[in-house]
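Trainee: here's my sequence, what's the structure:
(2 chains)
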Amino acid sequence: MLTVLLILIPLVAGLVTFGLKGSGPKALGLVASLASLAVTIAALFQFRTAPDTLQLTANWIPQLGAQFSFGMDGMGLMLCLLTAISFLLIFIVIYNRDYERPNSFYGLMLLSQAGLVGVFTAYDALLFYVFWELALIPVYFLCSLWGGEKRIPVTFKFFVYTFAGSLLMLVGLIYIYLQTPDHSFSYASFISGAVAPQDQSWLFWLFFVAFAIKMPVFPFHTWQPDTYEQSPTPVTMVLSGVMVKMGLFGVIRWLLPVLPKGAYMWSDVAIVLSIIGIIYASCIAIVQSDIKRLIAYSSIAHIGLMSAAIFTNNEQSLQGVMVQLFNHGINIIGLWIIVEIIQNRLKIKNLNEMGGIAQYAPGIAIFLVIISLANIALPLTNGFIGEFLMFSGLFQYNVWFMAVAGLGIILAAVYTLNMVQKVIFGQSNGLTETTTDLKSNELLVLIIIVGMILVFGFYPKPMLELVSGTTELVNKVY
Amino acid sequence: MNALISTALSGVVMMFAGLLIGNKQRIKFVAIVVLLICFAANLAELSTIQAGERTLYGMITVSHFSILFNAIALGATLIFFLLSGSAFEKVGEHVSDYFALIFFILAGITLASTFSSLLMLFLAIEIISIPQYILAGADKKTPKSSEASLKYFLMGAFSTGILLMGITLIYGATGTFNIGELALGAGKVNTLALCGIILMAFALSFKVSAAPFHFWTPDVYDGSPTVFTSFMATVVKAGGFIAFIRIFHSAFVGERLTADWQMLLAIITAATLIIGNFTAVFQQSVKRMLAYSSIAQAGFMLLAVISMNTYATQGIILYAAAYSVATIGIFAVMIKLKDFTFDGFNGLARTQPVLAITTTIFVCSLAGIPLTAGFFAKYFVLAAAIQQGNLLWLVITAVICAAISAYYYFRVIIAMYFKQGEVETEEITGGFKLMLIITAAIVILLGIFPGLLLQFV
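Mentor: Now for the predicted structure:
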């Protein structure tokens, strides 16, 4: 019941928001995201005591054996929590910003939240596919309506790319569906191992391409930097914080358990692609002068590590990935919030035009440093535990893979610290001298983020426990 | 049977209505009432069918499937009348005649869904085609319309000839016109009959504008009065497909025989998908884009013709409904605009938000986005083809083409929402908006619960 509520709240609120005027949309957005967070936390408690009550199944299309089947396991719950927290933080940060046509803006944001939660909770393959595509539509409109100068071609490319990937996945879904003994889309039938090994080999690619485009993994990443750069920053937060997790989530929830042999056959290729992505994106990030593009490439590198770790067939690294799904989301949203604040004050994106902000806005500087350190995965920040587990898994899989991927840590330090130095230290100029420090709502959000960074850095145990059930399930089948 | 009689009579009624009623609004009203009567008559026949189907004199077989299809065709026509009926006046003086011709086409379509003899098939195709030649040339003042009519007539007459030749060859080889008897003898087909089948496949491909027999389509659809293009590209095309799927699925079903024509049709399908989608990308006019889009969508429906399973029959029903309703909706909006190019849609979201949002839903349905009817339509035809097993290459082609189709469909959305411009529209009444919203609601309802239609298949 709570699961469905989690989809319905943003969905209904989103639809209502379209009809509101004035500051109504802002208020409703805030209330709805608060309610979502409350429901998610209630679900967390219920997960400990009675996890079965989070499942819900109802008839949908009896002719097909498709059902409205929602549910949550540890990973799904964690991602729902990430979604709820992200949207709440985003809505708080942009509370004193004004967007043109706020009713459409907030409405579409809430609809995308509903779509994302649907993806994370669907336990029916067709339902998963429907939400997978639906989450894309509001984001497409958000980017195209409120984005930068080149928004229309860029978001169009993004849309066509992901749409093509999804359709390939649809073919795979239908094929597997026809192989299931009871012709059903339910998760249980899908992971029952009905797919012949020789079929798994090519089916793997239909799914992997769809997920790889979303993550994105090299060489399917070309839409990503442009889209992150051109989107309005709140939407970029949704995209990079939550939406790219759909790809990784898809691999763990669907690809590995449904096509274990296919994943095993192609794991080397998938890992090599991911590692190329890490090195390639890190190198490009180093030479970026646009702060949004820099963070975009940094995100490709981090995601590359996660996708490499997924395919190592190792319990530890899988757990690391799942923890990192959450922590990466929090960290990158933190970075984007800083970018948003700087852009709001100075209206520039070029790193070379910034400098010396620390003198005039020490608050921004402190938070940027902490979040950046988490982005490099320094020990005692939340990024550390996930990366450590992932590298340990990668090490057991193949030492050389680990060695090359490990270069990514050094490169991450290079571009992140370089960015910190250019933004807040160095000579100030006429423009950066006008920087005003954090407002109360921004301060609140950044304190929450840094709080999570530190708490989960010191004490990651609850998270590891939360996802352990999912790890066991995947490992049993895989 | 009821549907056939009632639509044919309605055609006659409409012709007389033109004599007796001067007011054009009233003629439209009469047409809608008469259509509703046809719709009810069609459904009333359900009670008379006990054992699944009823055959009359070996010529016509009425089944649940045919009644369902007729209901969709008549329902789609009803939506068409309600949305675009007023636009008939802009074409010419003889409004009642246009309605009469459309009823005659409907009579042909109901025959196409019920024939059980090749003779009746031929009659059905002819009854569908001839009124269309007239409708294409209805706008007598523009040369483009006459050109479309002539082109359509010449090409159409030629293909009808081929169809007739195919039927003759099959008769020569088997000695029967009856579909049931043909199916019994399909195990031992000789070369003569095979030639006949190939000729029929070509002729029917022409009627549903499958490549490489599609060259008439863009010119005819572009030249004809827009309001009639809307009807020709949707309900009529669905009627062609129902004839296609019925004859190939019920008469030519031998084990070896099926494999023979399947290969041929698979190549035609791939060509249709590729040519339709790639050419649509380069169009500057929405009307022409929709003409090529109708070719592309025909490619998807052909997937159902190739596949011999229950998904195929479910798929063709759903596809016919989803495609017809969405396309009729887009055309209805387009008729209200002055400029049929993509630029003509610029900024529609600002001036006419209702038109823009409904058009978006229709376009999403054509592109096959989930939660619209078009998604499940595509789903079923793809599932049908995948279940065939040996057609995966075709399925992948289809899926890539579907991704390409998103490109040109979304150009309409981009123009409406993301570009600036002042759209000149005709006066938009509240009733029109309400009708658009109802149509869009149908699209979404079928997109969430396709079972509403499928439970009758």
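Trainee: neighbours of residue A:38, just the number please.
Mentor: For residue A:38, the tally of surrounding residues (other CB atoms under 10 Å in any protein chain shown) stands at 12. Glycine gets a C-beta too; all of them are placed from N, C-alpha and C.
Trainee: now the phi/psi pair for residue A:319, please.
Mentor: Note on residue A:319: its backbone torsions stand at phi -60, psi -40 [degrees, to the nearest 10].
Trainee: which residues does the residue nearest to residue B:439 when sequence neighbours are not counted contact?
Mentor: Spatial nearest neighbour of residue B:439, excluding adjacent residues (CB to CB, 6 or more residues apart in numbering or on different chains): residue B:329 at 5.0 Å. Residues in contact with residue B:329 (CB atoms under 8 Å, 6 or more residues apart in numbering or on different chains) are B:79, B:83, B:358-359, B:361-362, B:436, B:439-440, B:443.
Trainee: now residue B:192
Mentor: Counted by CB under 8 Å, 6+ apart, residue B:192 has contacts B:169, B:172-173.
Trainee: what ranges do the strands span in the stretch 351-478 of chain A?
Mentor: Counting by DSSP state E, counting those that start in this stretch, the stretch 351-478 of chain A yields no residue ranges for strands.
Trainee: got any ranges where it has weak pLDDT?
Mentor: Scanning the stretch 351-478 of chain A for pLDDT under 70 picks out the ranges A:477-478.
Trainee: same check on chain A?
Mentor: In chain A the weaker segments, taking pLDDT under 70 as the threshold, are A:477-478.
Trainee: residues from it in reach of chain B?
Mentor: Near chain B, the residues belonging to chain A are A:60-63, A:129-130, A:133-134, A:137, A:141, A:144-145, A:151-152, A:156, A:159-160, A:163-164, A:167-168, A:170-171, A:174-175, A:177-178 when assessed by CB under 8 Å from any CB of the partner chain.
Trainee: circling back to that earlier point, can I get the buried ones among the contacts of residue B:329 as something I can paste into PyMOL?
Mentor: Restricted to buried positions by 16 or more other CB atoms under 10 Å in any protein chain shown, the PyMOL selection for these reads:
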select buried, chain B and resi 79+83+358+359+361+362+436+439+440+443
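Trainee: helices - which of the contacts of residue B:329 land there?
Mentor: Mapping those onto helices (DSSP state H) picks out B:79, B:83, B:358-359, B:361-362, B:436, B:439-440, B:443.
Trainee: confidence-wise, which of these comes last?
Mentor: Taking those together, the minimum pLDDT is found at residue B:83 (90).
Trainee: tell me the spacing between that residue and residue B:27.
Mentor: To residue B:27, residue B:83 is 17 Å away according to CB to CB, to the nearest Å.
Trainee: and what of residue A:398?
Mentor: Shown here: residue A:398 relative to residue B:27, a distance of 78 Å by CB to CB.
Trainee: same question, residue A:453
Mentor: Per CB to CB, residue A:453 is found 73 Å from residue B:27.
Trainee: mark which of the residues of chain A next to chain B are buried, thanks.
Mentor: The neighbour-count criterion (16+ other CB under 10 Å) marks A:60-61, A:63, A:129-130, A:133-134, A:137, A:141, A:144-145, A:151-152, A:156, A:159-160, A:163-164, A:167-168, A:170-171, A:174-175, A:177 among these as buried.
Trainee: out of the residues you listed, which are inside helices?
Mentor: A:129-130, A:133-134, A:137, A:141, A:144-145, A:151-152, A:156, A:159-160, A:163-164, A:167-168, A:170-171, A:174-175, A:177.
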